[in-house]
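Participant: No sequence on hand, only this structure:
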């Protein structure tokens, strides 16, 4: 059974940092693309940062370039999202998702099959 569990969300002031973790199990980690997505109230879910563990390709949304980074630890079967210089507009529920057929440059939430439960990130001004 494919499982993804996010952790690391919380409340932080603008300009602060958070590190989200996505622990995975139940699939061959090296073969999958893993993505971080977020959904703010009343807004469509959007891709934030995606990575392919098979070829190392990545995608990042323009709104987070230079502030967020993604990393993958194959030994721990985990993917991390390091978020710096956080802004109030980064407030959302953050989800990690996985799919075995996608490139890391594909960060469309509609194409990912497996999802975690989400973790809340709130950035106060």
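Facilitator: Sure, I can see it. The model shown is predicted, which means the values in this text are computed figures rather than measured ones.
Participant: all contacts plus neighbour counts: C-alpha atoms, from now on.
Facilitator: OK.
Participant: Once you drop chain neighbours, what's closest to residue 45?
Facilitator: residue 39 (4.4 Å; Cα to Cα, 6 or more residues apart in numbering).
Participant: what are the bridge partners for that neighbour, then?
Facilitator: Residue 39 has the following beta-bridge partners by DSSP bridges: residue 93.
Participant: pretty sure it contacts residue 92?
Facilitator: Yes - using Cα atoms under 8 Å, residue 39 makes contact with residue 92 at a distance of 5.2 Å.
Participant: For the chain, which segments count as strands?
Facilitator: Secondary structure of the chain (DSSP state E): strands located at 3-7, 10-13, 18-25, 33-39, 46-52, 58-60, 68-73, 78-83, 92-99, 114-115, 119-124.
Participant: between those strands, which gets nearest to residue 108?
Facilitator: strand 46-52 (6.0 Å; Cα to Cα).
Participant: hang on, the earlier thing: may I see the strands of the chain arranged in a markdown table, with mean neighbour count as well?
Facilitator: Converted to a markdown table, those look like this (neighbours: other Cα atoms under 10 Å):
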| stretch | mean neighbour count |
| --- | --- |
| strand 3-7 | 20 |
| strand 10-13 | 15 |
| strand 18-25 | 20 |
| strand 33-39 | 27 |
| strand 46-52 | 26 |
| strand 58-60 | 20 |
| strand 68-73 | 18 |
| strand 78-83 | 21 |
| strand 92-99 | 25 |
| strand 114-115 | 18 |
| strand 119-124 | 20 |
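Participant: right, so of these, which gets closest to residue 105?
Facilitator: strand 58-60 (4.7 Å).
Participant: which neighbours does the closest one have in its sheet, and in what orientation?
Facilitator: Applying DSSP bridges, one finds strand 58-60 paired with strand 46-52 (antiparallel).
Participant: Work out the gap between the strand it pairs with and the centre of the chain.
Facilitator: Centroid separation for strand 46-52 versus its chain: 6 Å, with Cα atoms, centre = their mean, to the nearest Å.
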